[in-house]
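Visitor: Quick one: sequence and predicted model below, then my questions.
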Amino acid sequence: MSETEISDASDLKRLPIPRGPVNLARQALLRVANLGLTAAYGAYRLHPAIWRFTAKHYHPGLEPFAKLNAWMICQQASLDVPAYQDYLARTGFTFKWWDLEAYTPTSKDDFVRRYSEEHRCWDGRIERIGTVVDESSGSSGTPYNWMRSKKELDTVHKNVAGYVTMLFDHKDLFCINAFSMGAWATGTNTGLAMAKVAMVKNTGPDLEKILDTMAHFGPGHTYLISAYPPFLKHLVDRMDAEPGVWDDFRLAGFVGGEAMTEGLRDYLEKRFIRVYSGYGASDLTIGMAGESDLSVVIRRALAHDLDFRADVLGPEESRIPMVFQYNPLETYLETTADGELVATINSASVMSPRLRYNIGDEATLIDFPRMVELTRAHPELAAACSRAFADNGMKLPFVLLFGRADSTISYMGANIYPLDIENGLYRDNPQAPLIESFRIELREADNHEQRPALHIQMREETPEMSGADRRDLAQTIQRGVLGHLASVSRDFAQSMKEDPTTAELHIEIHDFATGPFAEATTKIKNVYVQKS
C-alpha cells in the first residue's frame, strides 16, 4: 500500500514508516540535530536566572535559526509520526529543503479529529509513564484530551517559572493558585510551575479559602494570585467589602484563559500592585507568551492613541489586541494570509508534536526592533516605553492577539467585541462590583432592523433591585458602552453621527442565574455571545 492510497486513518495501523536509505540518512541527521537543539534549549532552562538572561538578550538574528528548527521538527515528523506522514500524503506535500511553508498547516478539525492519539506521537507510541492528560475547556465545542509527557511538562514548568521571576522579582512570593483544578491543563500546571520559585497553595476559585489563607499567613508575603480575570475582580470586590482589613497585604495578579481589558486592569490595580496576562492553549502549550511592563504600555497606547494604533495596525483597525512577548526559539509563530496564528513547538521533547498548528486565533507579529521604530514616532510613548523596558528588559518579539473571530457581532458597519463591552461596563459605573457577567446578541426589531441587546447578570449576593434601580443601572451601562465604542471605533462613532438609532443599545438586567444565564453549564470560561 502506498502513502497516496491510504483511504482511512485506520489504515495507519498497517502503514509502515518508510525506511529507505534516503529516509534513514535523513532521519539520523534530523534526530541528532534535534536532540542537540533540545539539549541546548534545556541549558537555558536550568535556572530561572539563565532564562531571564536569554529573554533579555534575544536578537532578531536568531529568527532564521528558530524557523530552521521548526522546519527540522516538521521534517522529522513527516518521517517518524504516522499521522503526519499520512496527512501530508493526503494534502499533496512535496519535500523541499529548508522550506517550512511546504508543510501543510494542521488544525483541530483537519488533523486532531482525524487521527488517534497514538498515531499523532513519535513512532506511533505513547510514553505512558509520567504522561499527564489535560482536557480543554470546551469553549470551542466538544472538550478534547491532550497528552503531555514528563519531559514536556518539565519544559513548560521551567519556562513559566523563568517568566514569573522576571515579572514578579520578589524573594517572598506566595502563589495562591485560583485556577480551576482537575483535568484542565492550566490549573494543575500553574501550581507545579510556581512551586519551582514560590510557596504555593492550590485553592481553586474559592474566595473564602483564599482570604482565610491570607489571614492565616499574614501580610509578610507578596501574594501572587493566579486566576481568570473575572475571578480577580470578584476577589477585589470581596476585599472592598471589608474596609481596612486587607490594606497591608501586597498582592500581584497573573491571569490567563481569556483577554483582559485595560479597564479591568485599572479596576484590579486598586488592590494589586500589578496584574499580567499569559497566553497559551490546551492544544498547544501553556505559557507560550506573556505580558511585560513594556507590552502593557504599548497596549494602553493602542487603546487611547488612534494615530499610534493606525501606525501599528492600520487605519481601519478599531480593535484593541492583547499584546504579548514570546520566544521563537521555544514556539515558532507565523500568520496565515487571513491573519490566523500558526505555531510550531520547537522541541523534540513534545511527545505529540505540534506542527504548524492553526489554533484559530487572529494575530499580528511584530519583532522588537520594528516595535521600537514604531514608538519613536510618538515621543511621549517612546519615553514611557523606555521606562517600562528598564523594569523587565525583554527583547523578545511581540504577538498582538485579537482572539477568535466568532466572539464578535457586526452592527452598523462596525464590529463589537467582548473586550469593548467590558471596558464600557467599567466606565464611570459605581455599580460595577455588582456585575457578575454579560452576554451580547443581535435582535431583530419590529421594523426588521437588527439592534444589539446586552444581557447583564448580577452577582448572587446583590440586594433586591427596584425597577428604578434597574433602569438607572441600564442607563449607566448604556452610556459607558456607547461612549467607549465611539472612542475606539471610528466606524461606530460615524454611524452614531449619521444615524441616531445606532445608539439604541438595549440593556436587560437579570438576577443571578436567570434569563439567558439560567441554563446549567460546566464551562470554565465565560460565554460572551448569546446565541439567538
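Guide: Perfect, I can see it now. Owing to the predicted nature of the structure, the values given are computational and were not obtained by experimental measurement.
Visitor: For the stretch 401-532 of the chain, which segments count as strands?
Guide: With strands called from DSSP state E, counting those that start in this stretch, the stretch 401-532 of the chain shows them at 409-411, 414-416, 435-444, 450-458, 506-510.
Visitor: and the fourth one with strand 435-444, angle?
Guide: Put plainly, it is strand 450-458. 160 degrees (axes from the mean of the first three to the mean of the last three Cα atoms, to 10 degrees).
Visitor: hang on, the earlier thing: closest to residue 479 out of the strands of the stretch 401-532 of the chain?
Guide: Among the strands of the stretch 401-532 of the chain, strand 506-510 comes nearest to residue 479, with 10.3 Å by Cβ to Cβ. For glycine as for every other residue, the C-beta is placed from the backbone atoms N, C-alpha and C.
Visitor: could I get the closest one in PDB with only the CA atoms?
Guide: Taking Å, rounded to 0.1, in the frame of the first residue of the first chain, the C-alpha atoms of strand 506-510 are listed here in PDB:
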ATOM      1  CA  HIS A 506     -30.900  47.600  24.600                       C
ATOM      2  CA  ILE A 507     -29.900  46.600  28.200                       C
ATOM      3  CA  GLU A 508     -31.500  43.800  30.200                       C
ATOM      4  CA  ILE A 509     -30.700  43.400  33.900                       C
ATOM      5  CA  HIS A 510     -31.000  39.800  35.100                       C
END
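Visitor: contacts for it?
Guide: 443, 451-458, 465, 470, 473-475, 477-478, 515-517 (Cβ atoms under 8 Å, 6 or more residues apart in numbering).
Visitor: can we see that at 6 Å?
Guide: 453-457, 470, 473-474, 477-478, 517 (Cβ atoms under 6 Å, 6 or more residues apart in numbering).
Visitor: In PDB, list the C-alpha atoms belonging to stretch 244-260.
Guide: Provided in PDB are the C-alpha atoms of stretch 244-260 (Å, rounded to 0.1, in the frame of the first residue of the first chain):
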ATOM      1  CA  GLY A 244      -9.100  48.300  56.000                       C
ATOM      2  CA  VAL A 245      -8.800  44.600  56.600                       C
ATOM      3  CA  TRP A 246      -6.600  43.900  53.600                       C
ATOM      4  CA  ASP A 247      -4.800  47.200  53.100                       C
ATOM      5  CA  ASP A 248      -1.400  45.900  54.400                       C
ATOM      6  CA  PHE A 249      -1.300  42.900  52.100                       C
ATOM      7  CA  ARG A 250       0.900  43.100  49.000                       C
ATOM      8  CA  LEU A 251      -0.900  41.500  46.000                       C
ATOM      9  CA  ALA A 252       0.100  40.700  42.400                       C
ATOM     10  CA  GLY A 253      -2.000  39.000  39.800                       C
ATOM     11  CA  PHE A 254      -1.300  36.600  37.000                       C
ATOM     12  CA  VAL A 255      -4.300  35.900  34.700                       C
ATOM     13  CA  GLY A 256      -5.000  33.700  31.700                       C
ATOM     14  CA  GLY A 257      -7.600  31.900  29.800                       C
ATOM     15  CA  GLU A 258      -9.300  35.000  28.300                       C
ATOM     16  CA  ALA A 259      -8.400  38.500  27.300                       C
ATOM     17  CA  MET A 260      -8.300  41.300  29.900                       C
END
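Visitor: Mind listing what's buried along that stretch?
Guide: By neighbour count with 16 or more other Cβ atoms under 10 Å, stretch 244-260 contains the buried residues 246, 249, 251-260.
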